Each structure stands twice: as structure tokens, then as C-alpha cells.
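Asks: turn this into a model:
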Amino acid sequence: MEARGWAPRRQLCPPGILLLAVASLLSCLLTCSQAKVYSRCELFRVLQDFGLEGYRGHSLADWLCLAYYTSGFDSAAVDHEADGSTNNGIFQINSRKWCKTLREYSTKGCNMYCTELLDPDLKNAVICAMKISQQPQGLGSWEAWKHHCLGKDLSDWVDGCTF
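Replies: This is a model prediction of the structure:
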């Protein structure tokens with residue numbers, strides 16, 4: 001009987017790397033499962049329940065138009081700006097003035113963390129957006145609203161959505 005040389009099995013991936021990859025995948029799945037992209041009428045009903053119809057003189061159509069052109073109705077949208085700030089949530093609220101990152105201790109306009117603006121229930125995003133709309137420029141604080149919604153016929157945004 002001929003003895004063959006024993007060689008250790010080669011591992012395709014070291015155990016530590018595999019564990020890290022699995023943990024990253026699970027983290028992504030948990031984060032992604034919390035994101036919500038609303039339909040137009042679904043968001044209409046949610047914003048209506050929060051009392052945004054007529055708030056500071058703006059219709060639900062204004063709010064829907066704003067949400068569409070800022071985030072595409074995506075509650076977890078995050079956009080990174082060149083200055084290092086981020087625009088967060090369904091209304092793309094900026095971290096420079098309105099929300100704080102996890103590394104900051106200062107209080108900003110909405111007195112909340114930017115991550116709180118990403119919740120699919122929209123409570124914090126709506127509270128912060130209402131605070132921003134109380135500024136003298138109202139919804140004009142958002143460039144997207146000024147360019148796409150201001151002065152336009154917005155009736156199509158609420159057409160077919162039940163009051």
C-alpha cells in the first residue's frame with residue numbers, strides 16, 4: 001500500500017471573512033426591509049392622516065409633488081452632497097441645518113438624528129418637514145418644490161386618491 005502525502009484542505013474563504021460577509025448581508029437585508037417606497041395614493045393617505053392638507057397654506061398635492069421630486073416617494077432615500085452633508089428621507093432633509101449625524105452632538109433645527117428621518121412610518125420626516133415649512137420661504141426651502149411644483153397645476157397628484 002502506497003502512502004500518499006497528506007495535504008490540508010484549502011479553504012475557499014477564511015472563517016473570519018465568511019462571518020463578516022454573512023453579517024454584512026444580514027445587516028443590508030434588515031436595513032433594506034425597513035425602507036419603503038410609497039405609491040402616490042398611499043402617501044396621500046399617510047400625509048392626510050398627519051394633517052398636512054392646508055398646513056401653512058399648502059395642499060397635499062404640494063407635499064406629494066415635493067416628495068416625488070426629492071426622493072421618488074422613497075422613505076429611505078439618502079443623497080450625499082459635495083460639502084459632506086446628506087439629504088435624508090422622503091423629503092430629503094439636509095444634515096447641514098436640520099438634522100444631526102451620529103458623530104454630532106449639537107442640536108439642529110429639527111432636534112433629531114438624520115437616521116430618524118428614514119423611518120418608513122414617516123412621523124419624524126413629517127415633523128421635521130413641518131418645522132422647515134414654518135420658515136419664511138415655506139416649501140420654497142426645497143429647490144425641487146420651487147422648480148417642479150410652485151405655480152403649477154398639481155391636481156393630477158391627488159387625482160384618484162380618496163379623501
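Asks: how near is Lys131 to Gly84?
Replies: From Lys131 across to Gly84, the span is 23 Å (CB to CB, to the nearest Å). Heads up, the C-betas are built off the backbone N, CA and C, glycines and all.
Asks: so which of those two has more stuff around it?
Replies: Lys131 (15 against 9; other CB atoms under 10 Å).
Asks: tell me the confidence at the more buried one?
Replies: For Lys131, the model assigns a pLDDT of 97.
Asks: quick one: contacts for it?
Replies: The contact partners of Lys131, by CB atoms under 8 Å, 6 or more residues apart in numbering, come to 98, 109-110.
Asks: secondary structure and neighbour count added to those residues, as JSON lines?
Replies: JSON lines is the format used below for the contacts of Lys131 (DSSP: H, G, I helix; E, B strand; the rest coil; neighbours: other CB atoms under 10 Å):
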{"residue": "Trp98", "secondary structure": "coil", "neighbour count": "23"}
{"residue": "Gly109", "secondary structure": "coil", "neighbour count": "17"}
{"residue": "Cys110", "secondary structure": "coil", "neighbour count": "22"}
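Asks: tabulate those residues (TSV), appending pLDDT.
Replies: Converted to TSV, the contacts of Lys131 look like this (pLDDT from 0 to 100):
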residue	pLDDT
Trp98	95
Gly109	89
Cys110	95
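Asks: closest to Gln48 out of these?
Replies: Using CB to CB, Cys110 is the member of the contacts of Lys131 that lies nearest Gln48, at 21.7 Å.
Asks: for this protein, just list every one of the helices.
Replies: Taking DSSP state H as the criterion, the chain carries its helices at 15-34, 40-49, 60-71, 123-133, 143-148, 155-158.
Asks: for those, which has the smallest mean pLDDT value?
Replies: helix 15-34 (a mean of 46).
Asks: nearest residue to Thr107 in space, please, no chain neighbours.
Replies: Counting by CB to CB, 6 or more residues apart in numbering, the nearest residue to Thr107 once its immediate chain neighbours are dropped is Lys100, at 7.4 Å.
Asks: so the one you found sits right up against Lys108, yeah?
Replies: Yes. Under the criterion of CB atoms under 8 Å, Lys100 makes contact with Lys108 at 5.2 Å.
Asks: centroid residue for the protein?
Replies: The centroid of the chain falls nearest to Gly89 when counting by CA atoms, centre = their mean (2.0 Å).
Asks: so what's it scoring on pLDDT?
Replies: On pLDDT, Gly89 comes in at 98.
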